[in-house]
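Participant: what's the 3D shape of this:
(one chain, ligands or ions: 2)
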Amino acid sequence: MAADLTAVRQQVVLRDVEKCYGATPVLRGISFTVRSGEVLVLCGPSGCGKSTLLRCVNGLETIDRGTIEVGGVIVDPGRAEDLKRIRLSTGLVFQNFNLFPHMTTLENIVIAPVKVLGRARREAEDEARELLRSVGIPEKASSYPYQLSGGQRQRVAIARALAMRPALMLFDEPTSALDPEMREEVLNVIRRVHEDRGMTMIVVTHEIGFARSVGSRAMLLEAGQVVEEAPAAEFFDAPRSERTRRFVGAIKNS
Ligand SMILES: Nc1ncnc2c1ncn2[C@@H]1O[C@H](COP(=O)(O)OP(=O)(O)OP(=O)(O)O)[C@@H](O)[C@H]1O
Ligand SMILES: [Mg+2]
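Facilitator: Ligands and ions are numbered 1, 2, ... in the order given. As a prediction, the model looks like this:
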């Protein structure tokens, strides 16, 4: 297992990224860099484009203008091989887990390494059990998703993403469907994953405690534009713009 912790880390660079859905602009000239091993916390009101941005970073959505580079490779649907490489080295964790309901925990974790990466099943299963230990639910290998709590399902989703040995992890509100206690558990798992593996992460979250302590940088997006981007502690404790002050104030009181 130790060898896996030395995962490659990928830098992510966006330059003037624009995206529309039909005639509606959703991303309106976004530029930022997440350096290798950094955690960027992405905040913003509902509908400002956070999920769209994550989906563009791993090529699930196409952009209309600008460039996105992951690990020095341009995300471009016209370059299928590059896109495949980026997708394979990027782990995505959503709000609603998206586990395969008819498969056990173990099967959910091993299916992609075996089917997509061609790993030997035995080896993939050993690694999956190790991952379940590292996310704190070694005893749930044979359980089906319906037999797990929301927090446990999300841990399986994280383990499943890690089984692909990603160099970049994208989290889209990974705890917003959970009650407060489970939220803390899952946030601690993400915190530990970063401490142990140090891969680059972009995390959409409004959990300030987590964002301040794990985030390297934080960014407020509004109506498809970057309002402010700063080191995480500064962003939450001493925001420069009035808009960020209001936003941070609102989430602190929520
Ligand atoms: N597939 C789609 N087709 C058309 N419009 C879309 C599509 N996906 C998102 N949108 C629109 O794009 C805008 C940004 O959506 P997005 O899901 O990125 O917001 P968000 O910041 O993640 O919001 P939330 O906090 O509610 O998850 C919204 O106005 C949304 O309605
Ligand atoms: Mg969203």
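Participant: find the closest residue to ligand 2 in this protein.
Facilitator: Minimum separation of the chain from ligand 2 (Cβ to the ion) falls at Ser51, amounting to 3.2 Å. From N, CA and C alone the C-beta is placed, and that goes for glycine too.
Participant: how many neighbours does that residue have?
Facilitator: Ser51: 19 surrounding residues under other Cβ atoms under 10 Å.
Participant: what's the helix or strand for Arg9?
Facilitator: Per DSSP states H and E: Arg9 is located in neither a helix nor a strand.
Participant: wait, it sits on Gly198?
Facilitator: Yes - between Arg9 and Gly198 a contact is recorded at 6.4 Å, counting by Cβ atoms under 8 Å.
Participant: more crowded one of these two?
Facilitator: Between Arg9 and Gly198, counted using other Cβ under 10 Å, the more crowded position is Arg9 (19 against 16).
Participant: and Val26, what does it touch?
Facilitator: 19-20, 49, 52, 224 (Cβ atoms under 8 Å, 6 or more residues apart in numbering).
Participant: and for Val34, the neighbour number?
Facilitator: As a burial measure, Val34 scores 24 neighbours (other Cβ under 10 Å).
Participant: coming back round to it: phi, psi of the residue of the chain closest to ligand 2?
Facilitator: Dihedral pair for Ser51: phi -70, psi -40, per degrees, to the nearest 10.
Participant: just give the nearest non-adjacent residue to it, would you?
Facilitator: Once flanking residues are discounted, Ser51 sits nearest to Asp172: 5.4 Å by Cβ to Cβ, 6 or more residues apart in numbering.
Participant: what's the closest non-adjacent residue to the closest residue to ligand 1 within the stretch 151-254 of the chain?
Facilitator: Per Cβ to the nearest ligand atom, Glu173 is where the stretch 151-254 of the chain lies closest to ligand 1, at 6.4 Å. Leaving aside its chain neighbours, Glu173 sits nearest to Gln95 (4.5 Å; criterion: Cβ to Cβ, 6+ apart).
Participant: for the one you found, give me its contacts.
Facilitator: Applying Cβ under 8 Å, 6+ apart to Gln95 gives the contacts 172-174, 176-177.
Participant: secondary structure class of it, three-state.
Facilitator: Following DSSP: H, G, I helix; E, B strand; the rest coil, the label given to Gln95 is coil.
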